[in-house]
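In: Please work out how this folds:
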Amino acid sequence: MTEPPDFDLQAAWLRRFSADAEGNLQAFARRLAEALPDRVEVHEQRGLFAKRGKVTGVTITLGDNRYVLQSAGGRLEASIAMVVRGITLNTKKLDPAEWFGRLAAETRAATEQAKSLSRSLDAFMAR
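Out: Next up, the predicted model:
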């Protein structure tokens, strides 16, 4: 079971992003894409001759959840969708601070699960 999201962590994320939503969204999206390339899609808006576009959002897929964070008019919009076998069952809009907290909690849970699996495999191989 995961612990509830830390309010201070949520508030820190929100303060950081509120100061410069577009710049921080771009940095956040690029960092996520490097860390989880098969689970992250960076959304960009490109000009006709631009090599690289302006980051407008990011989508992170973890298990059955699809986390979407977008910049709209300098404000962050966040949602989580439950997707099963490619079909979106529901989508819930959230306050960005809560969204960051949930994403952090789910990535922590996935990390702990991977560590547990790794320990089990190591123990099995050592026999």
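In: what helices or strands is the lengthiest helix in the chain leaning on?
Out: Ranked by number of residues, the top helix in the chain under DSSP state H is helix 96-126. The criterion is 3 or more Cβ pairs under 8 Å, 6 or more residues apart in numbering; DSSP states H and E, and the helices and strands that helix 96-126 contacts are helix 7-19, strand 54-62, strand 65-72, strand 75-84. (Glycine included, C-beta is placed from N, CA and C.)
In: Pull out the buried positions in it.
Out: Buried residues in helix 96-126, counted by 16 or more other Cβ atoms under 10 Å: 96-107.
In: Give me the lowest-pLDDT entry from those residues.
Out: pLDDT across the buried residues of helix 96-126 is at its lowest for Ala97, which sits at 81.
In: still on that earlier bit, which stretch among the helices and strands packed on helix 96-126 comes nearest Leu117?
Out: Taking Cβ to Cβ as the criterion, Leu117 comes closest to strand 54-62 out of these, the separation being 15.8 Å.
In: Show me the contact partners of the closest one.
Out: By Cβ atoms under 8 Å, 6 or more residues apart in numbering, the list of residues contacting strand 54-62 from outside reads 22, 25-26, 28-30, 32-33, 36, 39-46, 66-71, 83, 103, 106-107, 110.
In: PyMOL command for the buried members of those residues?
Out: Buried members of the contacts of strand 54-62, identified by 16+ other Cβ under 10 Å, are gathered into one PyMOL selection as follows:
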select buried, resi 25+26+28+29+32+33+39+40+42+43+66+67+68+69+70+71+83+103+106+107
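In: I'd like the distance between Glu77 and Val68.
Out: In this structure, Glu77 and Val68 are separated by 8 Å, where distance is defined by Cβ to Cβ, to the nearest Å.
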